[in-house]
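In: Build the 3D model from these lines:
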Amino acid sequence: MQVIQSAKLANVCYEIRGPVLDEAMRLEAAGHRILKLNTGNPAAFGFETPPEILEDILRNVSSAHGYGDAKGLLAARRAVTMHYQTLGVESDVENVFIGNGVSELIVMAMQGLLDDGDEVLVPAPDYPLWTAAVSLAGGTPVHYRCDEQSDWMPDLADVERKVTDRTKALGLADIARRHNLLVCSDEIYDKILYDGATHTPTAALAPDLLTLTFNGMSKAYRVAGYRVGWMVVSGPRAHATSYLEGLNILANMRLCANMPGQHGVVAALTGRQSIDELVLPGGRLREQRDTAYELLTQIPGVTCVKPRGALYLFPRLDPKVFKIKDDREMVLDLLRKEKIMVVQGTGFNWPEPDHFRIVTLPSVQDLTEAVGRIGHFLSGYGQS
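Out: Residues are numbered from 1 along each chain as shown. Okay, the predicted model is just below:
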């Protein structure tokens, strides 16, 4: 009997770690040095764990070897609850779930919510795990396009037109309110902000809506490998008893989240926010974003919206200048010629092959070299 993959995987892809990474690893095995600008992994670029987080984990690691509460360490859930209360989000420890990173919790949330054919509205470009998680749960991701010319804001009329009687969730409060939908808000970059930008939790703006807020320690606290994230359920819950029971079942099935890492949550949320010094003027993340943006937009035919948060740029390649039909092929060609790894825009469910994504975590020196090589590659590039 031939063993083949489940049909549920037909629409599941994660190009950030897809075939292009396989080629990069092949080139590395052949002795080439590859600068990987594909994934937001702070540790790979010299960012260290805040010492207070590491201290709490090490202090408790000898007693963290057994299974814990399926929802998560009580002290960690209480810290998450109190943190969100200061931001205007009312919840309680019984409605906080700790997971092995936000990714696991997104998958759990979709598995507990969706029947075959149910729909979730997802932005394009997206974080592709959302699309994959909806598909894997048997649902249908319905993408609404965000407008690059309007700072990537969604076209609300277009979003509303895509709501059907099978729609179960999205991330926009007003439309969710009109159609009685679940709100999902991925806020992993809530503290990585530039140029005076501020963040308000979606749940604080929509206390009347059942809302799932996702966040964790991977990015703002630079400890992606510890795999600690949380999901906060807030808003009215009387009508969602069955769904919450399903989340409890799924939490119990995975037994518990990584126990040692959970001991760092209290220090992370209640201590000094060391991310601040990295994103303010003169901070490393701020300078790297500025450098990458300035150099990319100097390349003829390349434009880019200057991001006010997170760790990435999503440059546009003018189709009148660059005749690109297959952006994955373009990214592979860049990798083979210049030994620079980025991710093609269609890997984020963007419908045209005219964008790519680059992380801004490398040093200014490495970014300067990388963007210079990208510009050199693009200067003579085309596809037949």
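In: Any idea how many residues pack against Asn252?
Out: 12 (other C-beta atoms under 10 Å). For the C-beta atoms, the positions are set from N, CA and C on the backbone; glycine is no exception.
In: which sections of the stretch 101-250 of the chain are below the confidence cut-off?
Out: Low-confidence regions of the stretch 101-250 of the chain, defined here as pLDDT under 70, do not occur.
In: Might one say that Thr167 is in contact with Val122?
Out: No - with contact defined as C-beta atoms under 8 Å, Thr167 does not reach Val122; the gap is 11.1 Å.
In: Between those two, which contacts overlap?
Out: Counting by C-beta atoms under 8 Å, 6 or more residues apart in numbering, the shared contacts of Thr167 and Val122 are Val142.
In: Which secondary structure state does Val120 sit in?
Out: With DSSP: H, G, I helix; E, B strand; the rest coil as the basis, the three-state label of Val120 is strand.
In: Strands of the stretch 201-350 of the chain, residue ranges please.
Out: 211-216, 229-234, 302-303, 312-313, 316-317, 340-341, 343-344 (DSSP state E, counting those that start in this stretch).
In: And those: which comes nearest Gln2?
Out: For Gln2, the closest of the strands of the stretch 201-350 of the chain is strand 343-344, at 30.9 Å, according to C-beta to C-beta.
In: name the helices or strands packed onto that closest one?
Out: helix 327-338, strand 356-359 (3 or more C-beta pairs under 8 Å, 6 or more residues apart in numbering; DSSP states H and E).
In: Mind listing what's buried along the first one?
Out: When you say that, I think you mean helix 327-338. Asp327, Arg328, Met330, Val331, Leu332, Leu334, Leu335, Glu338 (16 or more other C-beta atoms under 10 Å).
In: Any chance of those residues in TSV with pLDDT as columns?
Out: Conversion of the buried residues of helix 327-338 to TSV gives the following (pLDDT from 0 to 100):
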residue	pLDDT
Asp327	94
Arg328	93
Met330	94
Val331	95
Leu332	94
Leu334	95
Leu335	95
Glu338	95
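In: Now flag whichever of those residues is closest to Leu250.
Out: Of all the buried residues of helix 327-338, Leu250 sits closest to Arg328, with 33.5 Å by C-beta to C-beta.
In: Nearest residue to that closest one in space, please, no chain neighbours.
Out: Distances taken as C-beta to C-beta, 6 or more residues apart in numbering place Gln344 nearest to Arg328, at 4.9 Å, with adjacent residues excluded.
In: which residues sit in contact with the one you found?
Out: By C-beta under 8 Å, 6+ apart, the contact set of Gln344 is Glu15, Val20, Asp327, Arg328, Met330, Val331, Pro353, His355, Phe356, Arg357.
In: And for the first one, the neighbour number?
Out: So that's Glu15. Residues near Glu15, counting by other C-beta under 10 Å, number 21.
In: residue contacts, it?
Out: Counting by C-beta under 8 Å, 6+ apart, Glu15 touches Pro128, Arg328, Val343, Gln344, Thr346, Gly347, Phe348.
In: among these, which two are most distant?
Out: Across these, the longest distance by C-beta to C-beta is 13.4 Å; it joins Pro128 and Arg328.
In: Overlap in contacts, these two.
Out: Shared contacts of Pro128 and Arg328, defined by C-beta under 8 Å, 6+ apart, comprise Glu15, Gly347.
In: quick one, what contacts the nearest residue to Arg373 once chain neighbours are set aside?
Out: Nearest residue to Arg373, sequence neighbours excluded (C-beta to C-beta, 6+ apart): Glu338, at 4.2 Å. Contacts here follow C-beta under 8 Å, 6+ apart; on that basis Glu338 touches Arg373, Ile374, His376, Phe377.
In: about what we covered before: could the helices and strands packed on strand 343-344 be laid out in a markdown table, adding distance to Ala44?
Out: Below are the helices and strands packed on strand 343-344 laid out as a markdown table (distance: least, C-beta to C-beta, whole Å):
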| stretch | distance to Ala44 |
| --- | --- |
| helix 327-338 | 17 |
| strand 356-359 | 9 |
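In: Relative to Ile249, which of these is closest?
Out: Per C-beta to C-beta, nearest to Ile249 of the helices and strands packed on strand 343-344: strand 356-359, 35.8 Å.
In: pLDDT of the closest one, averaged?
Out: On average, the pLDDT along strand 356-359 is 96.
In: With stretch 369-378 instead?
Out: For stretch 369-378, the per-residue pLDDT averages 95.
In: May I see the buried residues of that stretch?
Out: Using 16+ other C-beta under 10 Å as the test for burial, stretch 369-378 gives Ala370, Val371, Arg373, Ile374, Gly375, Phe377, Leu378.
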